[in-house]
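Enquirer: generate a structure from the sequence data that follows.
(one chain, ligands or ions: 1)
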Amino acid sequence: MSTSTQVAVIIGGASGIGWATAQLMADRGDTVIIADLDGAAANARAAELGAPATGYRVQVTDEIAMRTLFDTINAEYGPIGAVVDCAGISRPGTIAELSLADWQATVDVCLTGAFLSVKEAARSLRDGGSIVLVASLNGRQPGVAMSAYCSAKAGVLMLAEVAAMELAPRGIRVNAVNPGFVHTPLTQGATLVPGLVDEYVENTPLGRAGTPEDIGQTIAFLTSDAAGWMTGAAIDLNGGAHTMRYPNIVQRIADMTTTSTTNEG
Ligand SMILES: NC(=O)c1ccc[n+]([C@@H]2O[C@H](COP(=O)([O-])OP(=O)(O)OC[C@H]3O[C@@H](n4cnc5c(N)ncnc54)[C@H](O)[C@@H]3O)[C@@H](O)[C@H]2O)c1
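Expert: Model prediction:
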(Lines give C-alpha, C1' and ligand atoms only; values in the text may rest on other atoms or scores of the structure.)
Protein backbone atom coordinates (compact mmCIF):
# COMPACT_ATOMS: atom_id res chain seq x y z
CA MET A 1 0.00 0.00 0.00
CA SER A 2 1.63 3.21 -1.11
CA THR A 3 1.43 6.08 1.35
CA SER A 4 3.63 8.86 2.58
CA THR A 5 4.02 9.05 6.34
CA GLN A 6 1.61 11.43 7.99
CA VAL A 7 0.24 12.62 11.32
CA ALA A 8 -2.96 10.64 11.92
CA VAL A 9 -5.53 11.37 14.64
CA ILE A 10 -7.76 8.49 15.72
CA ILE A 11 -10.70 9.53 17.88
CA GLY A 12 -11.98 6.58 19.90
CA GLY A 13 -8.61 4.98 19.22
CA ALA A 14 -8.10 3.34 22.61
CA SER A 15 -10.29 0.29 21.99
CA GLY A 16 -11.69 -2.11 19.41
CA ILE A 17 -11.72 -0.93 15.80
CA GLY A 18 -9.90 2.32 16.58
CA TRP A 19 -7.07 0.54 18.36
CA ALA A 20 -6.63 -2.00 15.53
CA THR A 21 -6.54 0.91 13.09
CA ALA A 22 -3.97 2.75 15.21
CA GLN A 23 -1.65 -0.26 15.19
CA LEU A 24 -1.94 -0.76 11.43
CA MET A 25 -1.31 2.91 10.68
CA ALA A 26 1.60 3.11 13.12
CA ASP A 27 3.10 -0.04 11.57
CA ARG A 28 3.22 1.62 8.17
CA GLY A 29 4.97 4.67 9.64
CA ASP A 30 2.23 7.17 10.49
CA THR A 31 2.65 9.30 13.60
CA VAL A 32 -0.48 8.17 15.43
CA ILE A 33 -2.35 10.34 17.92
CA ILE A 34 -4.87 8.38 19.98
CA ALA A 35 -7.68 10.55 21.36
CA ASP A 36 -10.36 8.97 23.51
CA LEU A 37 -12.83 9.71 26.28
CA ASP A 38 -10.80 7.24 28.32
CA GLY A 39 -7.61 9.28 28.65
CA ALA A 40 -5.76 6.65 30.68
CA ALA A 41 -6.42 4.00 28.02
CA ALA A 42 -5.37 6.45 25.28
CA ASN A 43 -2.07 7.04 27.08
CA ALA A 44 -1.52 3.33 27.69
CA ARG A 45 -2.19 2.49 24.03
CA ALA A 46 0.15 5.24 22.86
CA ALA A 47 2.85 3.91 25.19
CA GLU A 48 2.31 0.45 23.71
CA LEU A 49 2.94 1.84 20.22
CA GLY A 50 5.94 3.81 21.45
CA ALA A 51 7.07 7.28 20.37
CA PRO A 52 6.05 9.25 18.36
CA ALA A 53 2.54 7.95 19.19
CA THR A 54 0.75 10.09 21.78
CA GLY A 55 -2.49 9.77 23.74
CA TYR A 56 -4.98 12.48 24.69
CA ARG A 57 -8.31 12.53 26.49
CA VAL A 58 -11.17 14.08 24.51
CA GLN A 59 -14.95 14.17 24.72
CA VAL A 60 -15.96 14.01 21.04
CA THR A 61 -19.22 15.88 21.71
CA ASP A 62 -17.47 18.88 23.28
CA GLU A 63 -16.65 21.50 20.65
CA ILE A 64 -14.17 23.40 22.81
CA ALA A 65 -12.35 20.23 23.86
CA MET A 66 -12.16 19.10 20.23
CA ARG A 67 -10.84 22.50 19.12
CA THR A 68 -8.21 22.45 21.88
CA LEU A 69 -7.18 18.91 20.91
CA PHE A 70 -6.66 19.76 17.26
CA ASP A 71 -4.90 23.05 18.08
CA THR A 72 -2.54 21.17 20.42
CA ILE A 73 -1.77 18.52 17.81
CA ASN A 74 -1.18 21.15 15.13
CA ALA A 75 1.19 23.02 17.46
CA GLU A 76 3.11 19.88 18.45
CA TYR A 77 3.17 17.92 15.20
CA GLY A 78 2.34 20.35 12.39
CA PRO A 79 -0.37 19.77 9.77
CA ILE A 80 -2.46 16.64 10.14
CA GLY A 81 -2.75 14.15 7.25
CA ALA A 82 -5.60 11.92 8.39
CA VAL A 83 -8.46 11.96 10.91
CA VAL A 84 -10.47 8.84 11.78
CA ASP A 85 -13.55 9.04 14.00
CA CYS A 86 -14.19 5.70 15.72
CA ALA A 87 -15.96 7.02 18.83
CA GLY A 88 -19.30 5.33 19.27
CA ILE A 89 -21.83 4.08 21.79
CA SER A 90 -25.16 2.30 21.50
CA ARG A 91 -28.15 2.54 23.86
CA PRO A 92 -30.72 0.00 22.69
CA GLY A 93 -34.45 0.15 23.41
CA THR A 94 -37.65 0.11 21.39
CA ILE A 95 -38.89 3.54 20.34
CA ALA A 96 -41.81 3.29 22.77
CA GLU A 97 -39.43 2.65 25.66
CA LEU A 98 -36.21 4.49 24.77
CA SER A 99 -35.66 7.53 26.99
CA LEU A 100 -34.95 10.86 25.38
CA ALA A 101 -31.67 10.92 27.30
CA ASP A 102 -30.55 7.61 25.74
CA TRP A 103 -31.61 8.80 22.28
CA GLN A 104 -29.68 12.04 22.74
CA ALA A 105 -26.57 10.37 24.18
CA THR A 106 -26.35 8.02 21.19
CA VAL A 107 -26.99 10.70 18.58
CA ASP A 108 -24.57 13.06 20.33
CA VAL A 109 -21.62 10.67 20.33
CA CYS A 110 -22.27 8.95 17.00
CA LEU A 111 -23.54 11.83 14.85
CA THR A 112 -22.66 15.11 16.53
CA GLY A 113 -19.23 13.65 17.35
CA ALA A 114 -18.74 12.84 13.66
CA PHE A 115 -19.82 16.38 12.75
CA LEU A 116 -17.31 17.92 15.20
CA SER A 117 -14.59 15.53 13.98
CA VAL A 118 -15.13 16.69 10.40
CA LYS A 119 -15.42 20.33 11.46
CA GLU A 120 -12.17 20.34 13.42
CA ALA A 121 -10.42 18.12 10.87
CA ALA A 122 -11.34 20.57 8.13
CA ARG A 123 -9.60 23.37 10.08
CA SER A 124 -6.51 21.34 10.86
CA LEU A 125 -5.90 18.98 7.94
CA ARG A 126 -3.36 19.77 5.29
CA ASP A 127 -4.76 20.10 1.78
CA GLY A 128 -4.90 16.60 0.28
CA GLY A 129 -5.55 14.98 3.67
CA SER A 130 -8.32 12.50 4.43
CA ILE A 131 -11.10 11.77 6.90
CA VAL A 132 -12.74 8.42 7.66
CA LEU A 133 -15.99 8.19 9.61
CA VAL A 134 -16.96 4.84 11.09
CA ALA A 135 -20.67 4.43 10.37
CA SER A 136 -22.29 0.97 10.53
CA LEU A 137 -24.24 -1.74 8.77
CA ASN A 138 -27.06 -0.22 10.86
CA GLY A 139 -26.74 2.99 8.88
CA ARG A 140 -28.40 1.13 6.03
CA GLN A 141 -30.01 -1.93 7.68
CA PRO A 142 -32.56 -1.40 10.48
CA GLY A 143 -32.49 -3.34 13.73
CA VAL A 144 -35.36 -3.61 16.24
CA ALA A 145 -34.59 -1.55 19.38
CA MET A 146 -31.79 0.32 17.63
CA SER A 147 -33.56 3.48 16.46
CA ALA A 148 -31.07 5.95 17.90
CA TYR A 149 -27.99 4.09 16.68
CA CYS A 150 -29.45 3.33 13.22
CA SER A 151 -30.63 6.92 12.76
CA ALA A 152 -27.32 8.38 13.90
CA LYS A 153 -25.27 6.09 11.65
CA ALA A 154 -27.52 6.81 8.63
CA GLY A 155 -26.81 10.47 9.38
CA VAL A 156 -23.08 9.79 9.43
CA LEU A 157 -23.29 8.35 5.90
CA MET A 158 -24.93 11.52 4.58
CA LEU A 159 -22.53 13.70 6.58
CA ALA A 160 -19.61 11.97 4.85
CA GLU A 161 -21.11 12.69 1.44
CA VAL A 162 -21.76 16.37 2.18
CA ALA A 163 -18.29 16.76 3.69
CA ALA A 164 -16.75 15.09 0.63
CA MET A 165 -18.39 17.72 -1.59
CA GLU A 166 -17.43 20.63 0.62
CA LEU A 167 -13.80 19.64 1.14
CA ALA A 168 -13.01 18.37 -2.38
CA PRO A 169 -11.75 21.80 -3.53
CA ARG A 170 -8.88 21.36 -1.03
CA GLY A 171 -8.27 17.78 -2.15
CA ILE A 172 -9.46 16.48 1.23
CA ARG A 173 -11.20 13.11 0.86
CA VAL A 174 -13.99 12.00 3.20
CA ASN A 175 -15.14 8.39 3.27
CA ALA A 176 -17.16 6.13 5.57
CA VAL A 177 -16.96 2.47 6.50
CA ASN A 178 -19.94 0.35 7.55
CA PRO A 179 -18.81 -2.49 9.82
CA GLY A 180 -21.16 -5.37 10.52
CA PHE A 181 -20.91 -7.29 13.81
CA VAL A 182 -17.34 -7.07 15.15
CA HIS A 183 -16.23 -8.51 18.50
CA THR A 184 -15.16 -5.49 20.61
CA PRO A 185 -16.07 -4.15 24.06
CA LEU A 186 -19.00 -2.32 22.39
CA THR A 187 -20.65 -5.59 21.37
CA GLN A 188 -19.80 -7.58 24.50
CA GLY A 189 -23.40 -7.23 25.77
CA ALA A 190 -24.74 -8.90 22.62
CA THR A 191 -22.66 -12.02 23.32
CA LEU A 192 -24.58 -12.48 26.59
CA VAL A 193 -27.89 -12.97 24.76
CA PRO A 194 -28.11 -16.65 23.77
CA GLY A 195 -28.30 -17.16 20.01
CA LEU A 196 -27.94 -13.50 19.06
CA VAL A 197 -24.44 -13.63 17.62
CA ASP A 198 -25.22 -17.03 16.04
CA GLU A 199 -28.21 -15.48 14.29
CA TYR A 200 -26.06 -12.61 13.10
CA VAL A 201 -23.50 -15.05 11.68
CA GLU A 202 -26.27 -17.15 10.04
CA ASN A 203 -27.27 -13.95 8.24
CA THR A 204 -23.70 -13.31 7.10
CA PRO A 205 -22.87 -14.99 3.79
CA LEU A 206 -19.17 -15.28 4.69
CA GLY A 207 -20.20 -17.07 7.89
CA ARG A 208 -18.29 -15.24 10.62
CA ALA A 209 -18.27 -12.07 12.68
CA GLY A 210 -15.68 -9.43 11.84
CA THR A 211 -12.43 -8.64 13.58
CA PRO A 212 -11.26 -5.12 14.39
CA GLU A 213 -8.43 -5.72 11.91
CA ASP A 214 -10.96 -6.43 9.11
CA ILE A 215 -12.15 -2.86 9.53
CA GLY A 216 -8.77 -1.29 10.34
CA GLN A 217 -7.24 -2.58 7.09
CA THR A 218 -9.80 -0.71 5.03
CA ILE A 219 -9.48 2.45 7.11
CA ALA A 220 -5.71 2.29 6.64
CA PHE A 221 -6.29 1.96 2.88
CA LEU A 222 -8.75 4.88 2.80
CA THR A 223 -6.23 7.12 4.58
CA SER A 224 -3.46 6.18 2.16
CA ASP A 225 -2.45 7.54 -1.24
CA ALA A 226 -3.76 4.29 -2.76
CA ALA A 227 -7.30 5.62 -2.20
CA GLY A 228 -6.45 8.96 -3.80
CA TRP A 229 -9.49 8.98 -6.09
CA MET A 230 -12.03 7.86 -3.48
CA THR A 231 -14.25 10.35 -1.71
CA GLY A 232 -17.87 10.36 -0.58
CA ALA A 233 -17.80 6.54 -0.56
CA ALA A 234 -19.26 4.20 2.06
CA ILE A 235 -17.68 0.78 2.16
CA ASP A 236 -19.67 -2.20 3.49
CA LEU A 237 -17.45 -4.42 5.65
CA ASN A 238 -19.75 -7.10 6.98
CA GLY A 239 -19.16 -10.43 5.26
CA GLY A 240 -22.17 -9.71 3.04
CA ALA A 241 -24.62 -9.21 5.93
CA HIS A 242 -26.20 -6.20 4.19
CA THR A 243 -27.74 -8.63 1.70
CA MET A 244 -29.68 -10.42 4.45
CA ARG A 245 -31.41 -9.31 7.67
CA TYR A 246 -30.47 -8.04 11.12
CA PRO A 247 -31.31 -10.14 14.22
CA ASN A 248 -34.28 -9.10 16.36
CA ILE A 249 -32.65 -8.28 19.71
CA VAL A 250 -35.95 -7.83 21.55
CA GLN A 251 -37.21 -11.24 20.43
CA ARG A 252 -33.93 -12.89 21.50
CA ILE A 253 -34.08 -11.25 24.94
CA ALA A 254 -37.73 -12.32 25.29
CA ASP A 255 -36.74 -15.90 24.37
CA MET A 256 -33.97 -15.77 26.99
CA THR A 257 -36.43 -14.59 29.68
CA THR A 258 -38.96 -17.29 28.74
CA THR A 259 -36.29 -19.98 28.84
CA SER A 260 -35.01 -18.92 32.28
CA THR A 261 -38.58 -18.68 33.66
CA THR A 262 -39.39 -22.15 32.26
CA ASN A 263 -36.22 -23.56 33.78
CA GLU A 264 -37.02 -22.01 37.16
CA GLY A 265 -40.60 -23.43 37.00
N1 LIG B 1 -18.22 -3.44 17.01
C2 LIG B 1 -19.13 -3.46 16.08
O3 LIG B 1 -19.79 -4.49 15.82
C4 LIG B 1 -19.44 -2.22 15.28
C5 LIG B 1 -20.27 -2.36 14.17
C6 LIG B 1 -20.57 -1.24 13.42
C7 LIG B 1 -20.04 -0.01 13.76
N8 LIG B 1 -19.24 0.09 14.85
C9 LIG B 1 -18.72 1.42 15.16
O10 LIG B 1 -17.32 1.35 15.21
C11 LIG B 1 -16.82 2.38 16.07
C12 LIG B 1 -15.85 1.75 17.06
O13 LIG B 1 -16.57 0.83 17.85
P14 LIG B 1 -15.88 -0.40 18.61
O15 LIG B 1 -16.72 -1.57 18.35
O16 LIG B 1 -14.44 -0.42 18.32
O17 LIG B 1 -16.19 0.04 20.12
P18 LIG B 1 -15.25 0.19 21.41
O19 LIG B 1 -16.17 0.44 22.52
O20 LIG B 1 -14.28 -0.93 21.48
O21 LIG B 1 -14.42 1.52 21.07
C22 LIG B 1 -15.05 2.78 21.06
C23 LIG B 1 -14.07 3.79 21.66
O24 LIG B 1 -14.72 5.07 21.58
C25 LIG B 1 -14.46 5.73 22.81
N26 LIG B 1 -15.54 6.70 23.05
C27 LIG B 1 -16.83 6.42 23.40
N28 LIG B 1 -17.49 7.55 23.60
C29 LIG B 1 -16.63 8.56 23.37
C30 LIG B 1 -16.73 9.97 23.44
N31 LIG B 1 -17.88 10.56 23.80
N32 LIG B 1 -15.64 10.73 23.14
C33 LIG B 1 -14.47 10.13 22.79
N34 LIG B 1 -14.31 8.79 22.73
C35 LIG B 1 -15.38 8.03 23.02
C36 LIG B 1 -14.47 4.64 23.86
O37 LIG B 1 -13.79 5.05 25.05
C38 LIG B 1 -13.74 3.52 23.13
O39 LIG B 1 -12.34 3.57 23.34
C40 LIG B 1 -18.06 3.01 16.71
O41 LIG B 1 -18.42 4.17 16.01
C42 LIG B 1 -19.13 1.95 16.52
O43 LIG B 1 -20.42 2.51 16.50
C44 LIG B 1 -18.92 -0.98 15.62
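
Enquirer: can you give the strand pairings for the lengthiest strand in the chain, parallel or anti for each?
Expert: As far as residue count goes, and with DSSP state E defining each element, the longest strand of the chain is strand 125-134. Take DSSP bridges as the rule and strand 125-134 pairs in its sheet with strand 80-85 (parallel), strand 173-179 (parallel).

Enquirer: can you map out the helices along the protein?
Expert: Defined through DSSP state H, the helices belonging to the chain, from first to last, are 16-27, 39-49, 63-77, 100-107, 113-124, 147-167, 188-191, 196-202, 212-222, 249-264.

Enquirer: for these, which one sits closest to residue 181?
Expert: Between residue 181 and the helices of the chain, the shortest gap by C-beta to C-beta is with helix 196-202, which sits at 4.7 Å. No exception for glycine: its C-beta is placed from N, CA and C like everyone else's.

Enquirer: can you give me the buried ones in that closest one?
Expert: With burial defined by 16 or more other C-beta atoms under 10 Å, the residues of helix 196-202 counted as buried are 196, 197, 199, 200, 201.

Enquirer: ok, those residues vs the ligand, which is closest?
Expert: Using C-beta to the nearest ligand atom, residue 200 is the member of these that sits closest to the ligand, with 9.2 Å.

Enquirer: skip the chain neighbours and tell me the closest residue to the closest one.
Expert: The spatially closest residue to residue 200, leaving aside those adjacent along the chain, is residue 181, at 4.7 Å (C-beta to C-beta, 6 or more residues apart in numbering).

Enquirer: tally of neighbours for residue 246?
Expert: When neighbours are defined as other C-beta atoms under 10 Å, residue 246 has 20 of them.

Enquirer: how much space between it and residue 140?
Expert: 10 Å (C-beta to C-beta, to the nearest Å).

Enquirer: over to residue 39?
Expert: When distance is defined by C-beta to C-beta, residue 39 is 33 Å away from residue 140.

Enquirer: okay, angle between the longest strand of the chain and helix 63-77 too, please.
Expert: Computed by axes from the mean of the first three to the mean of the last three C-alpha atoms, to 10 degrees, the angle separating strand 125-134 from helix 63-77 equals 130 degrees.
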